[in-house]
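1. Structure for this input, please:
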Amino acid sequence: PEPHLNLAKLRLVQQDPQSTLLLLAKLRKKFPKHPEINLYLGYAHEKLKHLEKAETLYRQVLHLKPEHHKALLRLGAVLIKLGKRHEARSFLESLTRKYPIYSVAWWNLGIVYYQLGELQLAENAWVKAIDTDESGYYGIRAKQMVNGNLPFHPVPNVNFTLASNLESQKKTEGWIAQNLGIQNKNLGGLSNKLMADEYWIRGSTLWRLGQFEDAREELDSLRNKYKSDALASYQLAIAYKDLGYYYGAIWAARYCMDALGLYNNIEAPKFITQLRYGPYYLDLIHPISKQYGIDPLIVASLIRQESLYQGEVTSSAYAQGLMQVIPPTGDYIARQLRWHNYQTADLYRPHINVAFGVYYLDEQLGIFNGNKYAALSAYNAGPGNTSIWNKLAKNDYDLLVEIIRLDEPQEYIRRIAQHYSVYHHLYAD
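-> Take a look at the predicted model:
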């Protein structure tokens, strides 16, 4: 059944649960005891809000394969959606005892306790979610619940120099020297070896000449050449940042962290993390965010998710530029802003793209009365779809994420929340 199952998975990824359901229902008649067929058929029913059917299928998976992690997690979530709180409580308590590393299970258990009025137990469960995965989405939401905050609240005082200043750099380089057992001397500058590398010579020269596509090929080759070298990757990250190749800086910093065995952005030295989450295009982000009264950390998080700070990128849906504005939306915004002599190609110009993207985000915030989850969903999947989901969720942030039928906006919101947590860690004063 594998080819048909893979086709069903593809259709589910392509946001077609009805087609997936029909395909898997036929497949299940031939292979009724295949765990993955039952699992993905459960996914399809859950997406279509056939929750009782999804519950039955997840239980069937667990009957066939009691340790199936995905089925365990989905069953807990479906029981909550169905309002079977006491059953969900018993199930999730058992699940967290057996698999205490599941942050999402602790989060859901906290939700059940909260709904049952067991507030201290809810807080205890959320603290476990934080301890399990502080920088993951459910750990972040658990921390907000413990502190009594909504997502993205309160809006912080932002200081973009906090993690990127010279003092932060010196502290980080002392840490690198100690961990690598090397002398702490000019660690932030390119070594003679890197300066003499032909990839750097060609790439940096081409970049300064404005031949960006050719320059990126050379600079990416250099980055990949030294990806397992922590110090070289650190130096390249700084050099790429100074050059203006922010995408390269982000990836070089990632390689540096990997080579140093750092896998948590919150626990890593801040100067390294800020190379991955730098205040890039700050000259554009800061004034336009202030103009619209939008938290600049949300704008930075959105840009990171949309394009990873690549101003020239085009998506498969033809979205363009830093904030991935599609041409029809660009035309609409140009009319609203009375932007003279606008052309679609202007979306690749950062100062136009950011102005348009923030305008559109602000419009969605207005439509959804400041609900930032709904506004982000609308930015990604359109206000029409989001209006339906938000009405069903009754303006509940967490319920909205669960109700969204499409995988992409669900994951989009979660990822931006995670990015925001890192930006807040670095730049909230």
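
2. can we go C-alpha only for contacts and neighbour counts from here?
-> Will do.

3. Quick check: buried residues in the longest helix along the chain?
-> Identified as the longest helix of the chain according to DSSP state H is helix 407-427. For helix 407-427, a neighbour-count test (16 or more other Cα atoms under 10 Å) marks 408-410, 412-427 as buried.

4. residues touching R276, list them.
-> 249-251, 253-254 (Cα atoms under 8 Å, 6 or more residues apart in numbering).

5. Tell me the helices and strands packed up against the helix or strand bottoming out on mean pLDDT in the chain.
-> Scoring the helices and strands of the chain by mean pLDDT, DSSP states H and E places helix 2-13 at the bottom, with a mean of 78. If you count contacts as 3 or more Cα pairs under 8 Å, 6 or more residues apart in numbering; DSSP states H and E, helix 2-13 packs onto helix 17-30, helix 35-47.

6. So for Q320, which of those helices sits nearest?
-> helix 17-30 (27.8 Å; Cα to Cα).

7. I'd like the average pLDDT over the closest one.
-> Averaging pLDDT along helix 17-30 gives 89.

8. Same question for stretch 161-169.
-> Stretch 161-169 carries an average pLDDT of 93.

9. Correct me if wrong: D295 contacts I288.
-> No - the pair D295 / I288 is not scored as a contact, 10.2 Å apart, by Cα atoms under 8 Å.

10. first to last residue in stretch 62-76, what's the distance?
-> Stretch 62-76 has its terminal residues 12 Å apart, counting by Cα to Cα, to the nearest Å.

11. And it, what's buried?
-> 62, 68, 71-76.

12. Most neighbours among the contacts of R276, which one?
-> Using other Cα atoms under 10 Å as the neighbour criterion, A253 leads the contacts of R276 with 29 neighbours.

13. give the contact list for it.
-> Going by Cα under 8 Å, 6+ apart, the list of residues near A253 reads 233-234, 237, 272-273, 275-276.

14. So what's the residue count around P1?
-> 12.

15. Just give the closest residue to it, not the sequence neighbours.
-> L27 (7.3 Å; Cα to Cα, 6 or more residues apart in numbering).

16. Would you map the strands across the stretch 51-200 of the chain?
-> With strands called from DSSP state E, counting those that start in this stretch, the stretch 51-200 of the chain shows none.

17. can you map out the helices along it?
-> In the stretch 51-200 of the chain, helices defined by DSSP state H, counting those that start in this stretch lie at 51-64, 69-81, 85-98, 103-115, 119-132, 137-147, 166-180, 192-195, 198-208, listed in chain order.

18. Check those for me and report the most buried one.
-> helix 103-115 (a mean of 24; mean count of other Cα atoms under 10 Å).

19. and that one, what does it pack onto?
-> helix 69-81, helix 85-98, helix 119-132, helix 137-147.

20. Would you mind writing the CA trace of the shortest one as PDB?
-> It stands for helix 137-147. Output of helix 137-147 as PDB, limited to C-alpha atoms (Å, rounded to 0.1, in the frame of the first residue of the first chain):
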ATOM      1  CA  TYR A 137       5.900  26.300  20.800                       C
ATOM      2  CA  TYR A 138       4.100  24.500  23.600                       C
ATOM      3  CA  GLY A 139       6.800  25.500  26.200                       C
ATOM      4  CA  ILE A 140       6.400  29.100  25.100                       C
ATOM      5  CA  ARG A 141       2.600  29.100  25.400                       C
ATOM      6  CA  ALA A 142       2.900  27.300  28.700                       C
ATOM      7  CA  LYS A 143       5.100  30.100  30.000                       C
ATOM      8  CA  GLN A 144       2.700  32.700  28.800                       C
ATOM      9  CA  MET A 145      -0.200  30.900  30.600                       C
ATOM     10  CA  VAL A 146       1.800  30.600  33.800                       C
ATOM     11  CA  ASN A 147       2.500  34.300  33.600                       C
END
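
21. Quick one: residues in contact with that helix.
-> Here helix 137-147 makes contact (Cα under 8 Å, 6+ apart) with 103-104, 107, 123, 126-127, 129-134, 150-151, 414-415, 417-418, 421.

22. what angle do that helix and helix 407-427 make?
-> 60 degrees (axes from the mean of the first three to the mean of the last three Cα atoms, to 10 degrees).

23. Please report the distance of the residue nearest the centre of the chain from D214.
-> By Cα atoms, centre = their mean, the chain has its centre lying nearest to R415, at 1.7 Å. Noted for R415: a distance of 31 Å to D214, by Cα to Cα.

24. Where does pLDDT dip in this structure?
-> 12-15, 405 (pLDDT under 70).

25. okay if I get the buried residues of stretch 62-76 as TSV plus distance to T96?
-> Formatted as TSV, the buried residues of stretch 62-76 follow (distance: Cα to Cα, whole Å):
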residue	distance to T96
L62	16
H68	14
A71	14
L72	11
L73	10
R74	14
L75	13
G76	11
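
26. Which of those lies at the shortest distance from Q18?
-> Using Cα to Cα, the buried residues of stretch 62-76 come closest to Q18 at R74, 18.9 Å.
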